[in-house]
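> Turn this into a structure:
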Amino acid sequence: MLPELSRWRAATEEALYGPRGFYTRHAPQAHFRTSVHASPLFAEAVTRLLLRLDEALGRPRRLDLVDVGAGGGELLAGVLAALGDREAAGADVRARLRPLAVERRARPAGLDPAVGWQDRLPAPGTVTGLLFANEWLDNVPLDIAENDEHGTPRILLVAPDGTEHPGPVPTGSDAAWLDRWWPLTGAGPGARAEIGHPRDTAWAQAAAALHRGVAVAVDYAHTRDTRPPFGTLAGHRAGRPCAPVPDGSCDVTAHVALDSVADAAPGTTRLLTQRAALQALGITGRRPALSLAGSDPAAYVRGLSAAGEAAELLDAGGLGGFGWLVTERDCPAPFPG
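Okay, here's the model as predicted:
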């Protein structure tokens, strides 16, 4: 039981994952839509990345595919379906593939029995293949600092109804992270920062699972040059934005300081946009030739639909503007090609 006022990190942890938390009681897909839900083309792109990585690793006897923050397992199901469409080549990879969902929620009914399901990250150095985390880090809870009327940063305390109150001055790892990654000094009263070191630690632990391979984090993101002056804390309920109230009634999220996360990751890292990543993986959004409408109308309609879905995934002002953090460990870089 939390006190009436607590830091945002503790309040969000309880509100999302506690006994009456949002993710404990609700299916996420009923409240918001990720790239996985927007189009099967996203799973197709991840499949192409997996196949490219398989070749770079020399076609290992066991190929791991770990989905961190797997929701209902939709991405893994999509990859398995995409491999099934590839006949012999897909069958070979699927025979060696070990798909694993990492998710706090219970395993959903009807998920392919080939998919493993657990509530913790794999042990360090045990994954050979691809670890993928789509919109996971933005739900790793963190604390928030705000400058008071004198321009002094204070850790914010929050009540269950979302009312905020100034708390102590940041110290220790909080102060060190702010000084390096999101300094509030001189920013003026009301300036806010989301203290990202819990996400740095979370990604370092996730990427440490790699023995050989690639880990990818995809999320709403900003870097030092694009930090929002008043933060990004937000709530979502039933597909609509709402006040971020930590009472279990809504999703509570904040964008990710992806440059800080990259700095904490083991191995070689690179940052790119989802638009650039998906284009490198063959998602173009190109419309089918008009001549196809006469020769094969059904194929033309399917091509138009796919082009529309791709356009949404590539939209620089929407999903295409998401950040991709790629962490490579002991393997030739298979991405982007």
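> Mean confidence (pLDDT) on stretch 177-185, please.
Here stretch 177-185 scores 97 as its mean pLDDT.
> Now do the contacts for the most centrally placed residue in the chain.
The residue lying closest to the centre of the chain (Cα atoms, centre = their mean) is Glu135, at 2.3 Å. Contacts for Glu135 (Cβ atoms under 8 Å, 6 or more residues apart in numbering) come out as Thr34, Ser35, Gly69, Val218, Asp219, Tyr220. Where C-beta positions appear, they are placed from N, C-alpha and C, glycine not excepted.
> hmm, 10 Å instead?
28, 32, 34-36, 69, 71, 217-220, 253, 256, 322 (Cβ atoms under 10 Å, 6 or more residues apart in numbering).
> Now do the same contact list for Val140.
Contacts here follow Cβ under 10 Å, 6+ apart; on that basis Val140 touches 9, 12-13, 16, 69, 133, 196, 198-203, 219, 253-254, 256, 261.
> thinking again about what came up before, which single one of the contacts of Glu135 is nearest to Glu149?
Taking Cβ to Cβ as the measure, Thr253 is the one of the contacts of Glu135 closest to Glu149, at 28.1 Å.
> Help me confirm that that closest one comes into contact with Asn139.
Yes - with contact defined as Cβ atoms under 10 Å, Thr253 counts as touching Asn139 (5.8 Å).
> Quick check: neighbours shared by those two?
Thr12, Leu16, Asp219.
> Now do the same for the first one: helix, strand or coil?
At Thr12 the chain is in helix, as set by DSSP: H, G, I helix; E, B strand; the rest coil.
> Leaving out chain neighbours, which residue sits closest to it?
If the residues on either side of it in the chain are set aside, Thr12 comes closest to Pro141, at 3.7 Å by Cβ to Cβ, 6 or more residues apart in numbering.
> correct me, but that neighbour touches Gly196?
No - taking Cβ under 10 Å as the definition, Pro141 is not a contact partner of Gly196, at 11.1 Å.
> Those two: which has the busier surroundings?
A count of neighbours by other Cβ atoms under 10 Å puts Gly196 above the other of Pro141 and Gly196, at 26 against 22.
> quick one: that one and Ala145 touch, right?
No - between Gly196 and Ala145 there is no contact under Cβ under 10 Å: 11.1 Å.
> Common neighbours of the two, please.
Contact criterion Cβ under 10 Å, 6+ apart; residues shared by Gly196 and Ala145: Trp177, Leu178, Trp182.
> On the three-state scheme, the first one is what?
Under the three-state scheme (three-state DSSP), Trp177 adopts helix.
> residue contacts, the residue lying closest to it once chain neighbours are set aside?
Residue nearest to Trp177 in three dimensions, not counting chain neighbours: His197, with 4.5 Å by Cβ to Cβ, 6+ apart. By Cβ under 10 Å, 6+ apart, the contact set of His197 is 142-143, 173-174, 176-178, 180-181, 257, 260-261, 264.
> next one: Tyr23
Tyr23 makes contact with Ala15, Leu16, Tyr17, His31, Gly69, Gly71, Glu103, Arg104, Arg105, Asn139, Gly248, Asp251, according to Cβ under 10 Å, 6+ apart.
> Okay, the third one and Tyr23: tell me how far apart.
Okay, so that is Tyr17. Distance, Tyr17 to Tyr23, by Cβ to Cβ, to the nearest Å: 6 Å.
> quick one: common contacting residues for those two?
Common contacts of Tyr17 and Tyr23 (Cβ under 10 Å, 6+ apart): Arg104, Arg105, Asn139, Gly248.
> Please list only the buried members of those.
With burial judged by 16 or more other Cβ atoms under 10 Å, the buried subset of these is Arg105, Asn139, Gly248.
> before we move on, back to that, save the contacts of His197 as CSV, and put in secondary structure and neighbour count too.
Formatted as CSV, those follow (DSSP: H, G, I helix; E, B strand; the rest coil; neighbours: other Cβ atoms under 10 Å):
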residue, secondary structure, neighbour count
Leu142, coil, 25
Asp143, strand, 24
Ser173, helix, 13
Asp174, helix, 21
Ala176, helix, 13
Trp177, helix, 22
Leu178, helix, 20
Arg180, helix, 12
Trp181, helix, 20
Ala257, strand, 29
Ser260, helix, 20
Val261, helix, 29
Ala264, helix, 17
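> hang on, isn't Gly90 packed against Leu80?
Yes - Gly90 lies in contact with Leu80 (Cβ under 10 Å); the separation is 9.1 Å.
> so what sits against both of those two?
Counting by Cβ under 10 Å, 6+ apart, the contacts common to Gly90 and Leu80 are Thr47, Leu97.
> on that earlier part again, shared neighbours, Pro141 and Gly196?
In contact with both Pro141 and Gly196: Ala202, Ala254, using Cβ under 10 Å, 6+ apart.
> Next, count neighbours for Ala109.
Neighbour tally, Ala109, other Cβ under 10 Å: 6.
> Fine, thanks again, bye for now.
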